[in-house]
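In: Predicted model and sequence follow; I will ask about them next.
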Amino acid sequence: MKLDAALPPLGLKDVPAIAKAAQAIGFDALWTQETQHDPFLPCALIAEHTTRLNFGTAIAVSFARSPASIAYTAWDLAAQSNGRFILGLGTQVKAHIERRFGQPWPESPVKKLHEQIQVIRAFWDCWQNGTKLNYRGEYYKITLMSPFFQPSPLRPSPSGRGDGGEGIIPIYIAGVNTGLAKLAGELCDGFHVHPFHSVRYLSEVILPAIEEGATKERRKPKDVSVSVTAFIATTSEEMNFARAQVSFYASTPSYRPVMDLHGWSGVAEKLSAHAARGEWAEMPMLITDEMLNEFAVVTEESKLADELKKRYDDIADRLTLYTPFVPGERDEWWRELAENFH
């Protein structure tokens with residue numbers, strides 16, 4: 001299991017120092033998010049200021065972008081970093097796509113994301129291998145690529161990327177429910193597990209869905225890297241933060257199956273009602289200690305590495321703490337944690 005880090009939501013001027021420090025600490029990858037900043041811009045700086053560190057988006061909102069623009073951006077980042085870039089995509093939820101990005105919500109989010117990935121790979125195959133660009137689906141018709149707009153092929157990287165086919169640039173997708181987990185099994189290189197999860201939900205719902213999708217396409221489940229982001233609570237401050245975040249995610253109607261599995265549907269409904277009224281302060285009080293222990297690793301700081309391994313060793317290929325990595329804050333603790341995963 002590889003230990004990764006999450007880039008904190010800071011400005012671009014801070015990215016070079018964070019990237020250099022993350023590489024020095026010993027993380028395997030540094031992930032950017034699409035929250036307060038664009039997720040792709042920091043990746044160019046990470047590529048420039050590191051030599052070994054993998055990096056990627058976890059996630060970029062796919063429905064806010066054309067698959068062509070995603071394909072070009074990922075291609076440039078892969079070229080700049082000699083194959084260290086991982087493209088992570090997520091659908092977001094209907095309200096944000098329609099009201100924050102001003103884009104239409106598809107009738108079938110899974111089918112549209114499926115097509116987006118196929119279109120992106122069609123671009124890459126065209127650029128790498130000279131195949132004719134000719135994709136025709138329900139959501140996209142992409143048939144034009146003239147030499148003026150065609151980038152040069154990627155050089156093979158030490159990891160074997162850049163060799164044509166689906167392996168040119170790895171694609172991970174994120175999700176909470178079975179539809180996207182199955183899609184990951186069918187055609188993706190990895191699956192970003194949402195931080196709002198329990199081990200039971202992963203074992204009983206997500207992993208079987210990935211396996212189902214993989215089996216359908218005659219792939220092996222191990223072909224899909226499972227990347228988990230985990231809540232931790234080793235201090236009272238972290239416990240309060242995790243409780244607040246869990247209450248926020250649990251209020252999202254489309255994430256209800258996680259609460260339903262544990263018999264907490266009534267709590268989820270109350271959280272949704274509070275969120276609709278903007279009553280954010282009341283929500284964490286509904287998350288009991290039992291719930292917090294299901295959704296977060298609650299332990300002493302000295303035992304954290306062992307507890308993370310105990311919880312995720314048979315589940316995750318990559319592990320990221322929800323707590324962002326900030327150089328100068330607990331550097332020795334981060335270094336010891338990374339060494340435990342080498």
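Out: Arrived safely.
In: Thr178 reaches Ile206, doesn't it?
Out: Yes. Counting by CB atoms under 8 Å, Thr178 touches Ile206, with 7.5 Å between them. From N, CA and C alone the C-beta is placed, and that goes for glycine too.
In: between the two, who's got more neighbours?
Out: For Thr178 versus Ile206, the count of surrounding residues by other CB atoms under 10 Å is larger for Ile206: 26 against 17.
In: what's near enough to touch that one?
Out: Contacts of Ile206 were listed using CB atoms under 8 Å, 6 or more residues apart in numbering, and they are Thr178, Ala181, Phe191, Val193, His197.
In: between these, which is nearest Met145?
Out: When the contacts of Ile206 are ranked by distance to Met145 (CB to CB), Phe191 comes first, at 29.8 Å.
In: Quick check: phi and psi at that closest one.
Out: Dihedral pair for Phe191: phi -130, psi 120, per degrees, to the nearest 10.
In: Find the nearest non-adjacent residue to it, please.
Out: Nearest residue to Phe191, sequence neighbours excluded (CB to CB, 6 or more residues apart in numbering): Ala184, at 3.9 Å.
In: Repeat that for Gly11.
Out: Closest to Gly11 by CB to CB, 6+ apart is His37, at 7.5 Å.
In: So the one you found versus Ala60, what's the distance?
Out: When distance is defined by CB to CB, to the nearest Å, His37 is 11 Å away from Ala60.
In: Which strands or helices does the longest helix belonging to the chain pack on?
Out: In the chain, with assignment by DSSP state H, the single longest helix is helix 109-129. With contacts defined as 3 or more CB pairs under 8 Å, 6 or more residues apart in numbering; DSSP states H and E, the packing partners of helix 109-129 are helix 67-81, strand 85-90, strand 135-136, strand 141-142, strand 171-175, helix 178-187.
In: Enumerate the positions of the first one that are buried.
Out: The neighbour-count check on helix 67-81 (16 or more other CB atoms under 10 Å) flags 67-68, 70-79, 81 as buried.
In: can you check the last one too?
Out: Buried residues in helix 178-187, defined by neighbour count with 16+ other CB under 10 Å: Thr178, Gly179, Leu180, Ala181, Lys182, Leu183, Ala184, Gly185, Glu186, Leu187.
In: What are the phi and psi values at Ser108?
Out: Dihedral angles for Ser108 - degrees, to the nearest 10 - are phi -130, psi 100.
In: Pop the domain breakdown of this structure in here.
Out: 2-232+299-339, 235-296 (automatic domain parsing).
In: Next, format the ones you listed as a markdown table and append mean pLDDT.
Out: Listed next are those as a markdown table, based on pLDDT from 0 to 100:
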| stretch | mean pLDDT |
| --- | --- |
| domain 2-232+299-339 | 94 |
| domain 235-296 | 96 |
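In: need the helices and strands packed on helix 109-129 in a markdown table with distance to Ala122, can you?
Out: A markdown table is the format used below for the helices and strands packed on helix 109-129 (distance: least, CB to CB, whole Å):
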| stretch | distance to Ala122 |
| --- | --- |
| helix 67-81 | 8 |
| strand 85-90 | 14 |
| strand 135-136 | 5 |
| strand 141-142 | 7 |
| strand 171-175 | 13 |
| helix 178-187 | 12 |
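In: Which one of those lies nearest to Val246?
Out: With CB to CB as the measure, strand 171-175 is the member of the helices and strands packed on helix 109-129 nearest Val246 (17.4 Å).
In: That closest one pairs with which strands?
Out: In the sheet, strand 171-175 lines up against strand 85-90 (parallel), strand 190-193 (parallel) (DSSP bridges).
In: residues contacting Phe196?
Out: Going by CB under 8 Å, 6+ apart, Phe196 touches Val176, Gln245, Val246, Tyr249, Ala250, Tyr255, Val258, Phe295.
In: Okay, the residue nearest to Trp333 when sequence neighbours are not counted and Ser146: tell me how far apart.
Out: Distances taken as CB to CB, 6+ apart place Glu301 nearest to Trp333, at 7.0 Å, with adjacent residues excluded. Glu301 sits 57 Å away from Ser146, going by CB to CB.
In: Mind checking which of those two has more residues around it?
Out: Glu301 (14 against 7).
In: Now Thr50. Its backbone dihedrals?
Out: Backbone phi and psi, for Thr50 under degrees, to the nearest 10, turn out to be phi -130, psi 160.
In: didn't it look like it was pressed against Ala17?
Out: No. Counting by CB under 8 Å, no contact exists between Thr50 and Ala17, whose distance comes to 11.4 Å.
In: Compare the two (neighbour count), which wins?
Out: Thr50 (19 against 14).
In: Contact partners for that one?
Out: Listed by CB under 8 Å, 6+ apart, the contact partners of Thr50 are Ala19, Lys20, Ala22, Gln23, Arg84.
In: Just the buried ones among those residues, please.
Out: Ala19, Lys20, Ala22, Gln23, Arg84.
In: which of these sit farthest apart?
Out: Top of the distance list for the buried ones among the contacts of Thr50 (CB to CB): Lys20 and Arg84, 14.5 Å.
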